[in-house]
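Visitor: Sequence and predicted structure below; questions after.
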Amino acid sequence: MGYRLAVSASYALLGEELKLGKNVYLVFDDSTIAEVGFGKPSFVDEVHEYENCLLIPGLVNCHVHMIHSAFKSMLNASSENSITMVREGKNSSWESLCEAI
């Protein structure tokens, strides 16, 4: 068992259905979620309390990355150059960006 940090909040979205839970805590053992519970956590090294706050899971918007992966073989050379320009923060025309997508 490593360093155990508890984060507690008045509310949290839980499970795949994201149901609302009240007086929820998460216990992290180093960087892994080790426990989810209700009320006051025990057997922890430190507690961060967030009253009247909502804990939500880390939601990732990956649709932009997914589309580039799925259609990479269909992109032509000019489109690939436009995507590279966007990644590198270089200027690119609106038309070339639309072609890339």
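Guide: Perfect, thanks for sending it. Residues are numbered from 1 along each chain as shown.

Visitor: Show me the chain divided up by domain.
Guide: Annotated domains of the chain cover 4-55, 63-100 [automatic domain parsing].

Visitor: Quick one: mean pLDDT for the first one?
Guide: This means domain 4-55. Regarding domain 4-55, the rounded mean pLDDT is 92.

Visitor: That domain spans what distance, first to last residue?
Guide: End-to-end distance of domain 4-55 (Cα to Cα, to the nearest Å): 18 Å.

Visitor: Can you identify each of the strands in this protein by residue range?
Guide: Taking DSSP state E, the strands of the chain run over residues 4-14, 19-29, 32-38, 46-55.

Visitor: same for the last one, what does it pack against?
Guide: Using 3 or more Cβ pairs under 8 Å, 6 or more residues apart in numbering; DSSP states H and E as the contact criterion, the elements in contact with strand 46-55 are strand 4-14, strand 19-29. Backbone N, C-alpha and C define where each C-beta goes, glycine included.

Visitor: Of those strands, which is nearest residue 53?
Guide: Closest approach to residue 53 among the helices and strands packed on strand 46-55 is made by strand 4-14 (4.6 Å; Cβ to Cβ).
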